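**Student:** okay, sequence plus prediction incoming.
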Amino acid sequence: MSKFVKLALSTGEPTGIGPEVSLAAAKAFIAAHSDVQISLFGDQQLFAHEALPPQIQISHTPLKNPPQFGVLDSANAQYVLSVIRAASESCRVGQHHALITAPVQKSILDTPQSPFTGHTEFLADLDQRRQVVMMLCGEIPQALSGKGQAIALRVALATTHLPITQVADAIQFESLLSTLKILQHDLQVRFGIAKPRIAVTGLNPHAGEDGHLGREELEVIIPVIEAAKREGILASGPYPADTLFHADRLHSFDAVLAMYHDQGLTPFKFASFTEGVNVTLGLSYIRTSVDHGTALDIAGQSKADWRSMFAALRLARELALTKLNHDASSS
């Protein structure tokens, strides 16, 4: 097994908090983990103000224009995309064991000439993956769980960055079943859960109430769950989302599959905002990310909270070690 767990960290939008939280979390993380090397992908001038320990290296990509905190510059859009490409490629070819991404600003990257719907979709395209799955990992803290202990919380999404008017049409049998298969596979292989239990939400209020509040449950979601069961996937539901996200119920599941972005992420972020981690399932390599945006309004003011980036580094290391140990035992 490699002496070091090698992590690639793309530092995101240069005028936001990405470079700041990347460096702060990286320094704190290597202080706690002597088996880790971290490569910060970005312009080296963003990190020139501090001496770096040997376990942190810079993979330099030059900015087009000098950044000004909080002020977006479309001239640097290609820089941001180049940083993501370089960091993801280093993982795809095995130079690094996992990718961690800092936030980007979609508004500056999405143009008619070069559409950009989101980090997750961009990485899937670079990795030539027809479908990937976004999953948020965190925990319900002891103070909220009522169980005397924290409870692991994993929420995957059947659809990601779609307008709400397009969600119902996007809930299709094949794509939803594929999502469950990807979720099952990565929970087993990357998270080491032998028989993951997956709770599936409904799309409509009260999970459709037997068709009275919508038919997507009857016509798509329930048939998908039954098909998944026939393939050995421990999926159940559909559950009404407004009653599923309760510690007593979540304690019985290893992951929840929600139908759309805010249905899953709103309760997740209420419980685990500061240390939530975004994981992309279905890629050829491990990818984690912070669960927050660029925070342009506080960039460069030493106010940014780097705990989510630290948590993203921690989960990336854990998943990488699981894979490295698995590969070593299989060889």
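**Tutor:** Arrived safely, thanks for sending. Residues are numbered from 1 along each chain as shown.

**Student:** look at Pro14 and give its secondary structure.
**Tutor:** coil (DSSP: H, G, I helix; E, B strand; the rest coil).

**Student:** can you map out the strands along the stretch 201-331 of the chain?
**Tutor:** 234-239, 255-258, 277-281, 286-290 (DSSP state E, counting those that start in this stretch).

**Student:** compare those and report which one is nearest to Gln68.
**Tutor:** Gln68 lies closest, by Cβ to Cβ, to one member of these: strand 286-290, at 22.1 Å. The C-beta positions use only the backbone N, C-alpha and C, and glycine is treated the same way.

**Student:** quick one: that closest one to chain centroid distance?
**Tutor:** Chain-centre distance of strand 286-290: 5 Å, with Cα atoms, centre = their mean, to the nearest Å.

**Student:** and that strand, what other elements does it pack with?
**Tutor:** helix 77-92, strand 98-101, strand 277-281, helix 307-330 (3 or more Cβ pairs under 8 Å, 6 or more residues apart in numbering; DSSP states H and E).

**Student:** which residues are in contact with the first one?
**Tutor:** Among residues not part of helix 77-92, those counted as contacts by Cβ atoms under 8 Å, 6 or more residues apart in numbering are 8-14, 39, 41-43, 59, 61-64, 96-99, 101, 104-105, 108-109, 111, 116, 119, 122-123, 126-127, 284-287.

**Student:** now the angle from that helix to helix 307-330?
**Tutor:** With axes from the mean of the first three to the mean of the last three Cα atoms, to 10 degrees applied, the angle from helix 77-92 to helix 307-330 works out at 30 degrees.

**Student:** for Gln45, which non-adjacent residue is spatially closest?
**Tutor:** With Cβ to Cβ, 6 or more residues apart in numbering as the criterion, Gln45 has its nearest non-adjacent residue at 7.3 Å, and that residue is Leu63.

**Student:** where along this structure do the helices fall?
**Tutor:** Applying DSSP state H to the chain gives helices spanning 18-32, 77-92, 106-109, 119-126, 142-145, 164-170, 173-189, 216, 222-230, 241-244, 247-250, 261-272, 307-330.

**Student:** distance of Ala87 relative to Leu81?
**Tutor:** 11 Å (Cβ to Cβ, to the nearest Å).

**Student:** count of residues packed around Ser107?
**Tutor:** By other Cβ atoms under 10 Å, 11 other residues sit near Ser107.

**Student:** can you list the weak-confidence ranges in the protein?
**Tutor:** 1-2, 330-331 (pLDDT under 70).

**Student:** who's sitting farthest from the centroid in it?
**Tutor:** The outermost residue of the chain, judged against the average C-alpha position, is His212 (34.6 Å), by Cα atoms, centre = their mean.

**Student:** OK, contacts around the residue nearest the centre of the chain?
**Tutor:** Using Cα atoms, centre = their mean, the residue of the chain that lies closest to the mean C-alpha position is Asn278, 2.1 Å off. Listed by Cβ under 8 Å, 6+ apart, the contact set of Asn278 reads 120, 134-137, 288-291, 312.
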